[in-house]
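Peer 1: Below is the sequence, then the predicted model.
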Amino acid sequence: MSQMRWRGWFGWRGWFGWFRCWVVYGGIAWMGGIVQQAFAEPPLDVRTPLMGRDLKKQKRILSDGPKETTRKRILPQGWEQKARTWKQQRRCLWEKKKGTLSQRCRRYANKAKKKGVFLVVVAHTKTMLLCRGDRVLHTWPIGHGRKGFGKQREGDKKTPLGSYYVTWMAARHEPPRPDKIERQRQRYQIKDRRAFCMHNRTTNLSEFRRDKGPRDERLWLRPYGGRYATVMALNYPNKSDQKSGRTGSCIEIHASYHLDGSAGCITLFPHHAVALYNCLAPQTRVEIVAK
């Protein structure tokens, strides 16, 4: 009996039965996968446009950090090519642009320097204006601190309000220079493991360091733009902030792959940050206003 059962399992009829079971159950699994894929949620790049953006521009999805996280923002198509081109040119795209008249730019323009370039950051609309005199040359969307505006102390996750200026600048696309010339020009090249922002207790301002710095202020990492890392430091706290008892350090305008919120800095998308960087110089005035 056992011999006949063995022949039934492994004879030609038995093999045909095994093959038939494989075909039937394989077909059921295949059909189940098709049905599940048909009713699954569509990917991000074919969803309804986020924040009123055009579907044609929603092609590239990037996230914050080396691993995929829940914080994602869809960047416009071709942003990486634009950033690469602007890095190679190293010039301001709006240097010869006339611009359009703006009440905000006129409000904060310096009458002594009618053609002076400065920035106006508007907290209410979350925008940044590049102004020359009373004319606006370009406008970008920005991100700010997770807790909003009005910084008072270190670690409150807020962005300060007031009048500041750019103390030093650093970027990946800065050409290599000797350390002495970098300190004179206050423009530094960001290198892996050799670029930090650190608080100077003597001047009470942040400074660029090559040797050491806080773990959260490693400028070559992805939160600052990664391969398109771009940083423009502000002189926070200024004299007015110090008299009012406000504390904090390393408040910057820098590149980021999302505008969800920062520890207190003003963030721009990488291609916007590179374009802005090429239009500024140290000592450029930055007005951060509520409305």
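Peer 2: Looks like it came in fine. Predicted model only: the values in this text are computed from it and were never measured. Numbers count the residues shown, from 1 in each chain.

Peer 1: Residue 152: how many residues sit nearby?
Peer 2: Residues near residue 152, counting by other CB atoms under 10 Å, number 13. The C-beta positions use only the backbone N, C-alpha and C, and glycine is treated the same way.

Peer 1: Quick one: the strands in the stretch 101-250 of the chain, in order.
Peer 2: Remark: strands assigned in the stretch 101-250 of the chain by DSSP state E, counting those that start in this stretch are 117-122, 127-132, 135-141, 162-171, 187-189, 196-200, 205-209, 230-234.

Peer 1: Show me what the first one is in contact with.
Peer 2: Among residues not part of strand 117-122, those counted as contacts by CB atoms under 8 Å, 6 or more residues apart in numbering are 104-105, 108-110, 127-132, 137, 142, 253, 266, 279-280, 284-289, 291.

Peer 1: Report the separation between residue 199 and residue 208.
Peer 2: Distance from residue 199 to residue 208, counting by CB to CB, to the nearest Å: 12 Å.

Peer 1: quick one, which of the two is more surrounded?
Peer 2: Taking neighbours as other CB under 10 Å, residue 199 and residue 208 compare with residue 208 leading, 22 against 17.

Peer 1: got the domain boundaries for the chain?
Peer 2: The chain resolves into domains spanning 2-39, 78-289 when parsed by automatic domain parsing.

Peer 1: Could you export these to CSV, including columns for mean pLDDT?
Peer 2: Formatted as CSV, the domains of the chain follow (pLDDT from 0 to 100):
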stretch, mean pLDDT
domain 2-39, 64
domain 78-289, 94
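
Peer 1: among these, which is the most enclosed?
Peer 2: Neighbour counts (mean count of other CB atoms under 10 Å) averaged over each of the domains of the chain peak at domain 78-289, with a mean of 18.

Peer 1: okay, how far is it across it, tip to tip?
Peer 2: For domain 78-289, the first-to-last residue distance is 32 Å (CA to CA, to the nearest Å).
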